[in-house]
Each structure stands twice: as C-alpha cells, then as structure tokens.
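# Model the following, please.
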Amino acid sequence: MAFPAGLKVWIEFGTLYSNVWTDVTADVDTSSQVSMKFGRTDAQATPIAATLGIRLENNLGSYTPLRQVLADGVTANPNYPNVVPDKRIKVSWTISATEYDRFVGFIDSWVPGLDNGVRPYVDIIATDITGRLGSIVLQSPLMQEVLFDGPALFWPLTDPAGSSYAVQLGSFSSPTTPLYEVPPGANPLIATVAGTGGGDSAFGGNGVGSGNGTAIALTPLSASNGNYLFAPLQTTIGTFGMFAGEIFVQIPTVPAATATVLLINTPFVSLEIQVDTSGHVVMLQNGSAVATSTNSVADGLWHALAFTVATLTGPPRTQLTLWVDAVSIGSANVTGTSSGSSGVYVSKPGGLFTGNVGYLSLYPTAPSSTRLAAHYAAATGYAGDTTGARIARVLTWAGLTSSQWNLDPGAAIVGTYPQNNKTVLQYCQDMAVTEGGGAVVYATPDGLVRFADRNFRTSPTVAVTVDAQKDLTSSSYLPSFDKSKLQNQAVVTRATADTTASVQTVTVTNTYPTNSGSLTSYATTDLDALANAQEIVARNANPGFRFPQIGIALLTAVNNLYVAVAGVQIGSRIRLNNIPTGKAPATQVDVLVEGWTETFTNSSYNWVADTSPADAPTRGIYDDTTRGRYGPGTSMTLTGTYAAGTTTIQVTTTAGNPTFTTVSARYPLSIKVNEEEIVLNSAPGGASSPQTFTGVTRGANGTPAASQAAGSQVHLAHQATYTL
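Have a look, this model is predicted:
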C-alpha cells in the first residue's frame, strides 16, 4: 500500500463556510506526526470533541499570526490578516475521483516555534464543531424560541416575587429606525396596586417558558380592581403600527364574565383578544367580533394567543388573523382608525382577566405558522418529540441547518428538559443518554454533527473486514478476557425538567463485586428508562472477550482498506477474521467502533479504533416482529448428547416455560450452547417439549463446533436478553 492518493490539507482563510479552501499540503511537516482523534473509549462514555494536531513549515512566515510581510521583508503575506483562531481546516483523501474528508474543524491556536532553534514552524491545534457547540449557553425553551424570531418588544413576565412592574427584556428593533420606543424613565407594563386587598398581581416563578409548562408568571387577578392590571404600556408605537403579537395564558376555570386578555391600540386599528364565558377566545377589531375559537382554553393548561398581519404595507393592513395554539382561528381585513390612546394593555376595567399570563412579545414582522407552532410546542415542553427531533431543534437554535447535520430519528420519546444555562452540546449528549443503547452525538470526519440512535448499532452490516494476520498493527493486537468494563448494576433516573419522576435499578447477581453506573433519562415512560438500564446490564454484567483496540496499518496492510475505513462511524461493525488459533476462542470476532485515532508521518499511516464487543449475529429487538419475539426462557436444555457434526438436535423446555415458536418467518434463529453458536434454520417439528430441529448449522459465526452434552443450557445467541 501507499499513502492514499490525493492526501491534502486545506485551510479556509476567507469567510467562514465559504468553502473556498487554500491547499497547504506542501507545507505540512510530515517528519512530525499528524494526529486526528475522534469519539470515546466505550459505549458508556461521552465522546470528546474531535481534535487535529498538525505542524506546518513556516520558512516564509506566511503562517505567523499578525505578520503582514513575508521573511524577505517586502512581499505581502497572502494569508494576512486571516492567520487567526476559528478558521476552518480539513484533511482529506481523493481516491478514484471521490474526496473523503478525514477531519473538518476549527483552528483553536497557531503556535510558532523553531526546530532546533533554526527552522521556523507553526503548530496548529483544531477541534471539530462540537467544541463550538459546547460554548453556546441556552435559555429556557420558550425564551429561546421567541428570541429566535427577533421580537421588537418582549416581556417574559417572570419578574421576581414582590416586583412592582414587569421589566422589558431588551429592545430588539433597529437602533437607527426603532419601531417601538420606551420614553426615558418609563416603566413599561406597570402593575397597579389598588383596593384594600393590595396588589392584584403576584410575580414570581419561572413562567411558561421554564420547560415544564406549569410554572406561574402572575397570579391571582381579581375583578375587585377598578383599573387595568397594567397601566398602559408607555411606549410610542411607530406610525406604521405593529405586525404581530403573542401572549401565553393559563386559565384554571371558565370566567364568570368576558375578560380581556390583551388590548392593543395602533394608529390604524384597535385589537382586543378576550376569553368569553364559554372559555372561547374572541378577537375584536374596533369593537366588533371578527373571529372566535371553537375550543375552550379554560382548562388549566398554557395556551398561546397570537395575532398576525399579513402584509407590511398600508394603511390599511390587508388582513388580521387570530391564532390559538398556533392554529388560525379566523381573519378580517383591517379598516378604520384606532380608538383610545396608543398602547398595549393586559386586562381592562369591566373585563379583568383572572389567571396567569406570560411571555408577551410584539414583532415587527409576523412569525410564520411554523414558528408559532414552535412557540406553542416549547410551552408544552415539546411533548412527543423523539430524541432526534429534539437534537434538530437545539442545533437550529445554535445557527446550524440540516446541511450541517446527519441525524437518526431516535426511538425514545422525550419529555421536558431543564435546558436553562446548559450548553447546546450538553443538551445533545443528554438526548443521546436518554436514547440509550449506545446512542451517540459527535462530529463525523466531514464536519457534520452526527446522532446515531440505538438502532444504528443493531445493524449486522460489516463496515470493515480486517485480516488479523495481514492488516493489523502489532501494537494494537492486545486481546483479553477481563472484567475491565464490568457493570452489573445500572441505575437510571427518569427526570421531568428539574423533577425526579422515578428511579429504575437493574442488578444482575453474579460472583463479581457490584459495579454500578448511573445516568439520567428524559424519556416520557418508566418502561423506556427500565429498558435502558436492562440493556446496559445485559451488555456489561459479565466479563467478555475483548479487543479493546483494532489498529490497521493502512500503509502496509495487504488489503486496501482506505475507502472502507473512510466509511466508519461510531457504532459501525468491524469483523476481525483469520485470527491465529489460540489467540481467541474463535477465528472470527465482531466488534463495534466507539472512537478512533488516525495518525500519519512521511513513513506510516495508522488507524486505531477503540472498540467494544459486538454480538454476532445482533440480538433480537424486543417487540420487533422481524428480529424479536422469539421468547425462549432460560430453562431450556439439550435433550441428548450431540457430536460436533450432528445436524439434528432436540431441546427440552421445563414445564411452565415458553417453547420455541413454530412460525417459520421467525427463522433462521441462532442459539448458543456453551461457546458454540448453532443456527436453527427452520421451525421445530412441533410446539410442545421436547422440540426437534433438523438441518441445523453447527459452529456458526466463527465459533468452533464441539460435542455438547445432554442437559447443556440453551440460550438465544450471546444472551437470552433483548436490547433496546
């Protein structure tokens, strides 16, 4: 073998994501090792951000930070002023006209130095995009969604208990042509204090945007107050008015009288949103009802009430639409002039609102129906999201698009999540833990954020087949039978936002000291959390035969494995065959990739994968009609003694335990007797014990066929367990 054709190193000196790359391959110092590291050491660990370490020769000074001219003192530095952190760098191969990225990331540092005090160089350290995601701090779900749409004015209404007024959270309009202005010294949305009972509003709580959908923003509000809940919003509304507004309400019971939730006056229209005595939402334009919801919102849950204006030109506005929980209820043309003074009011005399309100926002441009739906979903904690959908949401908040990720859908349904003050990367990793089954979030060598869900690891497809005698690096060939990864107890805490919903503990009793591990799941059911714990214990409860690392000497391997290696992901299956007799219990062993280190110099190119044991074939999946529901118990034994070449066997099942299915579609099916795998190629001759199987395959999947004694235990291949 040789170096892969077209081995290149590139730097994007210009605009980020312009994909205008400068080839710096000629300056790579390959007498020093170039190193790229991805992933994790085992299935329970959290991946690190992928890193690249590379040295560039710098005889001309073109890679020296802040240097304007080259070493000759005259020629302008073509890379100035772009020798700075956060420039993208990539390493790639081009084989048969196809480019394979091996690392795409962001430069963290340029470190100039002298080799032997004479030869200038620059060391570059880079990390992938997950390193950047680890520095983006999140706010509460609804806060994140609202701010994503750039409101002109925004009041979360989550002010501390005892506050006398609601503080506006910033001004998001243009500083040169503001759409809304708050006069100096004015306090927008001043809470009134009237009557012998004191104030009718009570601040405190995290509000609707906390993630759990139940925290209170304001409560209670009574009709004893003869004034507005809030004084008129002391703001000058631009001459062309507003285009959208939104407020969240929580109403425990149907109001005794029609109550105003929101009243807005503009130079062109008076808009009033009410809740009537049936709990329906009504929109009034200049005093006349123009739209009414069909469902009640007086159910104690949080609801989103919004209005949008269809165009930006006028007056008059062409169409005004009422939205309840992101569903359009009705529309009307905007006509006439406003009544009363310009301003925004919450509640009003004669129609005081009783309940809780939160997140009042006004927009210069109406959010789309999709964005309004995202707001409402945030208020309910995104109920019904899969782990993959939740990761896509948070990556969107971080500014990424679907072209920058490769996400599996996920199988676990996620509940509410306490994201406030957590990073985007922590959010993604917590979703992977909730998914379970070895799921992972990391960045692939092409720079995309990858979420591999628990189903990815169940694939029987082999990504790379390695000949143990022809392709391995000698230093990584260290098989062992040990208990280094033993975990015979798993504790999974299921959480709902900041609340513990349940604790699921699974323990396997064996002769080894209890080695426990724990994790937090945000799944919506205890069953999902329990299955997560069961899967961990099933995989780790007993010592296993391991190849902790599989190292391929790509430069000297007999087989050309460059393209195969380029297709490897975390969770991919590697098959090691042609294992010398005596080195392993079988001549063929499958492992799963958990991470890898790729290094090259001018005389070597090595790829070393960190691995975990894999079932071969993969386990049946519970409740999957094609790979599950086999259902044999542990009380199955061989009826007789069978020589290594015998292809008819009989299995006895003790009374009260399920026997093998007779449905032919469930076969072939692999069983394990001691260390031999036997493939049952067809259904048994009958449904009752003992059951006879003919035409079986002995010594399957690299295990040695052996004489098996009567009474030997029979299990599904590898373990009588189901995975997630």
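
# So which residues make contact with the longest helix seen in the chain?
Taking DSSP state H as the criterion, the chain has its longest helix at helix 526-540. Helix 526-540 is contacted by residues 43-44, 412-413, 434, 436-437, 454, 485-494, 501-502, 504-508, 517, 519, 521, 523, 622, 719, 721-724 when judged by C-beta atoms under 8 Å, 6 or more residues apart in numbering. For the C-beta atoms, the positions are set from N, CA and C on the backbone; glycine is no exception.

# if we go to 7 Å?
412, 436-437, 485-490, 492, 494, 502, 504-506, 508, 517, 521, 523, 719, 721, 723-724 (C-beta atoms under 7 Å, 6 or more residues apart in numbering).

# Pull out the buried positions in that helix.
Applying a neighbour-count criterion of 16 or more other C-beta atoms under 10 Å, one finds 528-540 buried in helix 526-540.

# tell me the mean pLDDT for that helix?
Per-residue pLDDT over helix 526-540 has a mean of 83.

# Quick one: distance of the following helix or strand past it to the chain centre.
Per DSSP states H and E, the first helix or strand lying C-terminal to helix 526-540 is strand 544-546. Mean-position distance between strand 544-546 and its chain equals 30 Å (C-alpha atoms, centre = their mean, to the nearest Å).

# and if you look at stretch 15-34?
31 Å.

# and if you look at stretch 100-118?
Here stretch 100-118 shows a centroid-to-chain-centroid distance of 30 Å under the convention C-alpha atoms, centre = their mean.

# Okay, now the unreliable bits of the stretch 601-724 of the chain?
For the stretch 601-724 of the chain, the stretches with pLDDT under 70 are 616-634, 717-724.

# And the strands in it, which stretches?
605-613, 636-638, 649-653, 669-673, 676-680, 691-693, 715-716 (DSSP state E, counting those that start in this stretch).

# Adjacent strands (with direction) for the longest one?
Pairing partners of strand 605-613, with direction, according to DSSP bridges: strand 549-553 (antiparallel), strand 589-600 (antiparallel).

# Go through these and name the closest to Lys90.
Taking C-beta to C-beta, strand 589-600 is the member of those nearest to Lys90, at 13.2 Å.

# Could I get the buried residue list for that closest one?
Buried-residue list, strand 589-600, by 16+ other C-beta under 10 Å: Val589, Asp590, Val591, Leu592, Val593, Glu594, Gly595, Trp596, Thr597, Glu598, Phe600.

# Among those residues, which one sits closest to Tyr442?
Gly595 (8.3 Å).

# what sits against the residue nearest to the closest one when sequence neighbours are not counted?
Nearest residue to Gly595, sequence neighbours excluded (C-beta to C-beta, 6 or more residues apart in numbering): Gly39, at 2.3 Å. Contact partners of Gly39, counting by C-beta under 7 Å, 6+ apart, are Pro47, Tyr442, Ile570, Glu594, Gly595, Trp596, Asp610.

# wait, which of these is closest to Thr637?
Glu594 (35.9 Å).

# neighbours of Pro156, just the number please.
23 (other C-beta atoms under 10 Å).

# ugh, wrong one, Thr662
Neighbours of Thr662 using other C-beta under 10 Å come to 14.

# any idea how far Pro460 is from it?
25 Å (C-beta to C-beta, to the nearest Å).

# Then Ala566?
In terms of C-beta to C-beta, Ala566 sits 21 Å off from Pro460.

# Confirm Ala373 sits in a strand?
No - with DSSP: H, G, I helix; E, B strand; the rest coil as the criterion, Ala373 is located in helix rather than a strand.

# Just to check, it is in contact with Ala326?
Yes - contact criterion C-beta atoms under 7 Å: Ala373 and Ala326 qualify, at 4.0 Å.

# Out of the contacts of Gly39, which comes closest to Ser604?
When these are ranked by distance to Ser604 (C-beta to C-beta), Trp596 comes first, at 15.6 Å.

# between the longest strand along the chain and strand 605-613, how many degrees?
Across the chain, the longest stretch assigned as strand under DSSP state E is strand 98-115. Strand 98-115 runs at 110 degrees relative to strand 605-613, counting by axes from the mean of the first three to the mean of the last three C-alpha atoms, to 10 degrees.

# List the contacts of strand 98-115.
Residues contacting strand 98-115 (C-beta under 7 Å, 6+ apart): 36, 50, 52, 58, 63-65, 83, 85-93, 120-129, 131-132, 445-447, 566, 598.

# go again using 6 Å as the cut-off
36, 52, 64-65, 83, 85-93, 120-128, 445-447, 566 (C-beta atoms under 6 Å, 6 or more residues apart in numbering).

# Next step: those restricted to helices.
Members of those lying in helices (criterion: DSSP H): Ala566.

# Buried subset of the contacts of strand 98-115 as a ChimeraX selection?
To isolate the buried members of those in ChimeraX, using 16+ other C-beta under 10 Å:
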select :36,52,64,65,83,87,88,89,90,91,92,93,120,121,122,123,124,126,127,128,445,446,447,566
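
# May I have the phi/psi pair for Leu362?
When read as degrees, to the nearest 10, the backbone of Leu362 gives phi -120, psi 130.

# Could you measure from the nearest residue to it once chain neighbours are set aside over to Ser361?
Nearest residue to Leu362 in three dimensions, chain neighbours excluded: Leu153, at 4.5 Å (C-beta to C-beta, 6+ apart). Distance of Leu153 to Ser361, computed by C-beta to C-beta: 7 Å.

# swap in Asn510?
57 Å.

# which of the two has more neighbours?
Neighbour totals were compared for Asn510 and Ser361, and Ser361 leads with 25 against 12 (other C-beta under 10 Å).

# Break the chain down into its structural domains.
Using automatic domain parsing, the domain parsing of the chain gives 8-127, 150-366, 636-716.

# Average pLDDT for the second one, rounded please.
Yep, that's domain 150-366 we're talking about. Mean pLDDT, computed over domain 150-366, is 64.

# Likewise for stretch 29-40?
Stretch 29-40 comes out at a mean pLDDT of 95.

# still on that earlier bit, in TSV: the domains of the chain, plus distance to Thr386.
Formatted as TSV, the domains of the chain follow (distance: least, C-beta to C-beta, whole Å):
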stretch	distance to Thr386
domain 8-127	20
domain 150-366	17
domain 636-716	28
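
# Ranking these by mean neighbour count, which comes first?
domain 150-366 (a mean of 19; mean count of other C-beta atoms under 10 Å).

# ends of that domain, how far apart?
Terminal residues of domain 150-366 lie 10 Å apart, using C-alpha to C-alpha, to the nearest Å.

# still on that earlier bit, columns distance to Val290 on top of the strands paired with strand 605-613, output as CSV?
Converted to CSV, the strands paired with strand 605-613 look like this (distance: least, C-beta to C-beta, whole Å):
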stretch, distance to Val290
strand 549-553, 69
strand 589-600, 60
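
# Could I get these in a markdown table, plus columns for distance to Phe148 and mean pLDDT?
What follows is the strands paired with strand 605-613, written out as a markdown table (distance: least, C-beta to C-beta, whole Å; pLDDT from 0 to 100):
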| stretch | distance to Phe148 | mean pLDDT |
| --- | --- | --- |
| strand 549-553 | 43 | 92 |
| strand 589-600 | 33 | 94 |
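
# in the protein, which spans are helices?
Under DSSP H, the chain gives helices at 129-133, 141-148, 369-379, 387-397, 424-435, 526-540, 562-566.

# Of those helices, give the one that comes closest to Glu675.
Taking C-beta to C-beta, helix 526-540 is the member of those nearest to Glu675, at 18.2 Å.

# so who does the closest residue to Thr130 other than its chain neighbours touch?
Counting by C-beta to C-beta, 6+ apart, Ala49 is the residue found nearest to Thr130 once chain neighbours are left out, at 4.6 Å. Counting by C-beta under 6 Å, 6+ apart, Ala49 touches Thr127, Asp128, Thr130, Gly131.

# now for those, which pair is the farthest apart?
Thr127 and Thr130, at 7.6 Å, using C-beta to C-beta across the contacts of Ala49.

# Strands of the stretch 251-400 of the chain, start to end?
Going by DSSP E, counting those that start in this stretch, the stretch 251-400 of the chain shows strands at 259-265, 270-275, 281-285, 288-292, 302-309, 320-324, 327-332, 343-345, 356-363.
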